[in-house]
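Participant: okay, structure incoming, though there's no sequence with it:
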């Protein structure tokens, strides 16, 4: 699932075996985060194209759309 603690969004998705992924829009105050989870491939987390070092992102309320791409092995 997803868990939020103040401005940090942490990813630990449990995806059914027959799913190839899913998409969800997440609003942080007045800012939208478009999250796309893909199953299969090299595990990685990207925020607006930038590789993240952990399984979480720091969200900002800048009223600009943001794209999150999570790939789970």
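Facilitator: Alright, I've got the coordinates. Just so we're clear, the structure is a prediction, and the values are computed from it rather than from any experiment.
Participant: hang on, isn't residue 2 packed against residue 22?
Facilitator: No - the criterion here is C-beta atoms under 8 Å, and residue 2 misses it with residue 22 at 11.3 Å. Every C-beta, even on glycine, is put in place using the N, C-alpha and C of the backbone.
Participant: let's see the pLDDT reported for the residue located most distally from the centre of the chain.
Facilitator: Most distant from the centre of the chain: residue 18, at 20.2 Å, with distances by C-alpha atoms, centre = their mean. pLDDT recorded at residue 18 is 94.
Participant: same check on residue 14?
Facilitator: At residue 14, the predicted lDDT confidence score is 87.
Participant: and the residue nearest to it when sequence neighbours are not counted, what does it touch?
Facilitator: In this structure, residue 14 finds its nearest non-sequential neighbour in residue 1, 6.7 Å apart by C-beta to C-beta, 6 or more residues apart in numbering. Applying C-beta atoms under 8 Å, 6 or more residues apart in numbering to residue 1 gives the contacts 12, 13, 14.
Participant: across the sheet, point out what pairs with the nearest residue to residue 35 once chain neighbours are set aside.
Facilitator: What sits nearest to residue 35 in space, not counting adjacent residues and going by C-beta to C-beta, 6+ apart, is residue 68, at 4.4 Å. As for beta bridges, residue 68 partners with residue 35, residue 47 under DSSP bridges.
Participant: right, and residue 68 touches residue 38 too?
Facilitator: No - checked against C-beta under 8 Å, the pair residue 68 and residue 38 is beyond contact range at 11.4 Å.
Participant: and these two? which has more neighbours close in?
Facilitator: Between residue 68 and residue 38, residue 68 has the larger neighbour count (other C-beta atoms under 10 Å), namely 20 against 16.
Participant: ok, the more buried one - contacts?
Facilitator: With C-beta under 8 Å, 6+ apart, residue 68 has these contacts: 33, 34, 35, 36, 45, 46, 47, 57.
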